[in-house]
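J.: let me see the structure of the following:
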Amino acid sequence: MKVRTVFRCVECGTAEPKWVGRCNGCGEWGSMVEEAETEIEAARGPLPTASAPVLITEVVGASGLSRPTGVDELDRVLGGGLVPGSVSLVGGEPGIGKSTLLLQVLASMASVGSRCLLVTAEESAAQVRVRAERLGAAVPGLYLLAETCLTNVVAAIDEVAPDVVVVDSIQTVYEPSLGSAPGSVAQVRECAHRLVQEAKQRSVAVLLVGHVTKEGALAGPRVLEHVVDTVLTFEGDRHHGLRMLRATKHRYGGTAELGLFEMTEAGLRGVPDASGLFLADRRPGLPGSVVVPTLEGNRPLLVEVQALVSEAPFLPPRRSPQGLDGPRLALLLAVLERVVGLPLGKSDVHASAVGGVRIVEPAADLAVALAVVSSSRGIALPPHVVACGEVGLGGELRQVGQLDRRLAEAARLGFTGAIVPVNGPEPPPGMTVLRAGTLEEAMALVFDGLEAVRGR
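T.: From the prediction side, this is the model:
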């Protein structure tokens with residue numbers, strides 16, 4: 001067995017004998033890292049038996065085989081549950097709740113008769129037991145293995161024969177035959193491939209926990225995301241209890257669903273009515289506050305957008321977005337100043353989406369702009385009115401997708417008025433729609449012509 005040094009791209013896995021600034025495989029700059037690679041001279045065994053081509057109509061599909069996890073918000077994102085033989089990758093920032101979520105999933109599935117195995121490669125068995133007791137997850141049927149060696153992990157799968165396996169995390173598991181350290185490109189790639197093979201051969205659902213970089217991307221080679229069936233991102237603000245689960249890749253269903261959780265002392269709790277949670281502490285009649293019906297995948301959410309305009313003590317003035325897209329806020333302020341004529345050149349503007357949620361879709365443009373105008377003039381919008389629409393560079397209001405579902409969610413929560421573009425759909429029963437073609441028309445409706453909905 002020989003060991004050589006190679007430089008491998010963390011994005012695509014391309015290997016080079018010497019360092020290069022730009023990967024020849026994917027064209028990424030600065031992605032080559034040095035690692036020790038083992039050359040195994042002995043043959044790995046006989047070649048596998050070749051598969052015969054079959055008609056696609058004769059292939060038995062995996063639809064309807066999903067096993068519910070018992071965690072409703074996760075099942076929503078997965079389209080019903082875990083499919084036997086599937087491999088899912090769960091990524092997120094440290095401390096966001098990945099291990100807590102998967103421990104609760106295993107406990108829920110073990111309590112209904114599934115055999116579950118938790119491979120903890122970062123914590124000791126005693127640490128996991130303490131957390132399991134706190135979460136009420138110490139149940140029969142849940143096996144625990146504190147191990148980092150992949151060979152021993154596969155041997156434990158042989159012994160337990162589980163239905164579900166969780167590996168926490170893939171970056172800390174290593175293959176002994178490779179000379180590189182755990183977490184290297186070669187180790188992560190080889191361990192992921194081996195676990196995918198074991199999952200397919202044994203029809204066991206495998207969930208891998210993945211680390212993320214400081215930019216929020218999954219650490220390790222990009223091939224890690226390609227070989228798995230599902231990529232889940234678990235995100236949220238560490239200073240808020242809200243956690244959001246999204247699927248950026250899912251071979252067994254769509255990626256439009258959003259799972260919402262609230263972090264509590266007893267673990268993660270599903271949030272079926274997220275709009276009510278976001279608006280629970282809202283103070284009606286506050287200048288600079290506007291409610292916008294957003295859409296996260298297929299899930300409508302009502303979020304309060306707040307803005308604060310104050311005189312800037314120093315120039316240039318500050319533009320401080322929280323939970324909003326910074327360039328989009330700068331665009332809206334430019335439209336307000338250039339097209340509408342609102343003087344903001346000497347004012348600090350702070351804008352935020354309340355509740356720890358992040359809004360990046362253009363549908364929030366109208367609400368953000370009206371919140372800035374409301375704070376600047378010190379006039380509050382009526383508390384029962386929502387605003388939704390995209391603002392163009394000329395100040396025109398544009399249609400947004402699925403506005404009817406957004407308005408239906410607002411009506412369900414008791415809102416009776418909505419400011420929308422002129423081409424918006426008809427409102428649900430009990431709601432009055434005020435249509436505007438430009439941002440100036442919307443401002444006139446807000447501050448001069450809302451008598452039609454003010455007393456409803």
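
J.: how is the nearest residue to Leu102 once chain neighbours are set aside assigned, secondary-structure-wise?
T.: The spatial neighbour of Leu102 that comes closest, neighbours along the chain excluded (Cβ to Cβ, 6 or more residues apart in numbering), is Val166 at 4.9 Å. The C-beta positions use only the backbone N, C-alpha and C, and glycine is treated the same way. Three-state call for Val166 (DSSP: H, G, I helix; E, B strand; the rest coil): strand.

J.: for Gln187, pull up the helix or strand it's in.
T.: Per DSSP states H and E, Gln187 falls inside helix 185-202.

J.: if you average pLDDT over that helix, what comes out?
T.: If you average the pLDDT over helix 185-202, you get 91.

J.: which other helices and strands does the helix or strand just after it contact?
T.: As assigned by DSSP H and E, the chain's next helix or strand after helix 185-202 is strand 205-210. With contacts taken as 3 or more Cβ pairs under 8 Å, 6 or more residues apart in numbering; DSSP states H and E, strand 205-210 sits against strand 87-91, helix 98-110, strand 164-168, helix 185-202.

J.: now do strand 205-210: distance to the chain's middle.
T.: 16 Å (Cα atoms, centre = their mean, to the nearest Å).

J.: what's the very next helix or strand once past it packed up against?
T.: Counting by DSSP H and E, the next helix or strand C-terminal to strand 205-210 is helix 223-227. Packing partners of helix 223-227 (3+ Cβ pairs under 8 Å, 6+ apart): strand 87-91, helix 185-202.

J.: contact partners of helix 223-227?
T.: Contact with helix 223-227 is made by 12-13, 87, 89, 170, 188-189, 192-193, 196, 210, 218, 231, 249, as judged by Cβ atoms under 8 Å, 6 or more residues apart in numbering.

J.: buried subset of these?
T.: Cys12, Gly13, Val87, Leu89, Ile170, Val188, Arg189, Ala192, Val196, Gly210, Leu218, Val231 (16 or more other Cβ atoms under 10 Å).

J.: for the residues you listed, which one is nearest Pro343?
T.: Pro343 lies nearest to Leu218 out of those, by Cβ to Cβ, at 44.9 Å.

J.: poorly predicted segments of the stretch 1-150 of the chain, please.
T.: Low-confidence segments of the stretch 1-150 of the chain (pLDDT under 70): 1-3, 36-49, 61-64.

J.: ok, which stretches of it are strands?
T.: In the stretch 1-150 of the chain, the strands defined using DSSP state E, counting those that start in this stretch lie at 2-9, 15-16, 32-39, 87-91, 116-120, 142-145.

J.: quick one: which of the helices and strands packed on helix 223-227 is nearest Leu393?
T.: strand 87-91 (35.7 Å).

J.: so which residues of this structure form helices?
T.: With DSSP state H, the ranges of helices along the chain come out as 72-78, 98-110, 125-135, 150-160, 185-202, 223-227, 274-278, 326-335, 365-377, 403-412, 439-447, 451-454.

J.: can you tell me which of the ones you listed is nearest to Gly297?
T.: Ranking the helices of the chain by proximity to Gly297 (Cβ to Cβ) places helix 72-78 first, at 8.8 Å.

J.: ok, residues contacting that closest one?
T.: 66, 68-69, 81, 88, 101, 105, 230, 232, 245-247, 250, 252-253, 257-261, 270-272.

J.: over to stretch 414-430?
T.: 291, 302, 366, 370, 382, 384-390, 397-400, 403-404, 407-408, 410-411, 431-437, 442, 445-446, 450, 452-453, 456.

J.: now that stretch: average pLDDT?
T.: Mean predicted confidence for stretch 414-430 is 92.

J.: lovely, talk soon.
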